[in-house]
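> have a look at this prediction, sequence included:
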Amino acid sequence: MTTLSWQTYRQRRQALDDVLGDLESLDQRASADQAELLGFAHQRWHNHLSTHVDAALDTVDEPAHAVAMAYRNAAMGLPAVRRLLDNHADHPAVVRAEQRELALVARAAALVPLDASDDAAAEAGRAFRAGLRTIRRCANSTGTTSHARRLRATG
């Protein structure tokens, strides 16, 4: 990724914020603009997720639990960005960025050795993320509360 000037960053951030207000408008943009905006959206997501992962790893002893908690918190913090990336998961700009992110997630969660191939790490990260999403969908569909809320309610 190239270094951005603050002016370029602000312009891209404003463009992304405009698009996030109406996800449908992204499909109407030219392909080059779409790739650039999706790349910037993923950069914003990655920075947000990385911050959450770093903080969680500092406070939680079990790496997989820390990364799972960080991923859920990051997704709740930027739901429109996460939805945008999920809706365009097949776009080449997102595929490449997600591959790197999933490898990072797997390594941070200690699911693979640090020297594992990027492909193996990404596959482990993909399975990890799929498990997180399955748990979230099940909880949402059954109306159950989060584990933390249940603990607070019983404590």
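Here it is on my side, so go on.

> how far does the longest helix along the chain sit from the chain's center?
Determined from DSSP state H, the single longest helix within the chain is helix 31-59. The chain centre lies 6 Å from the centre of helix 31-59; the measure is CA atoms, centre = their mean, to the nearest Å.

> give the next helix or strand downstream of it.
Using DSSP states H and E, the helix or strand that directly follows helix 31-59 along the chain is helix 63-77.

> downstream of that following helix, the next helix or strand is which one?
Taking DSSP H and E, what comes next after helix 63-77 is helix 79-87.

> thinking again about what came up before, for the longest helix of the chain, what does the pLDDT average out to?
If you average the pLDDT over helix 31-59, you get 90.

> and the nearest residue to residue 57 once chain neighbours are set aside, how many neighbours?
Spatially, and ignoring its direct neighbours in sequence, residue 57 is nearest to residue 66 (4.9 Å; CB to CB, 6 or more residues apart in numbering). Glycine gets a C-beta too; all of them are placed from N, C-alpha and C. Using other CB atoms under 10 Å, residue 66 has 22 neighbouring residues.
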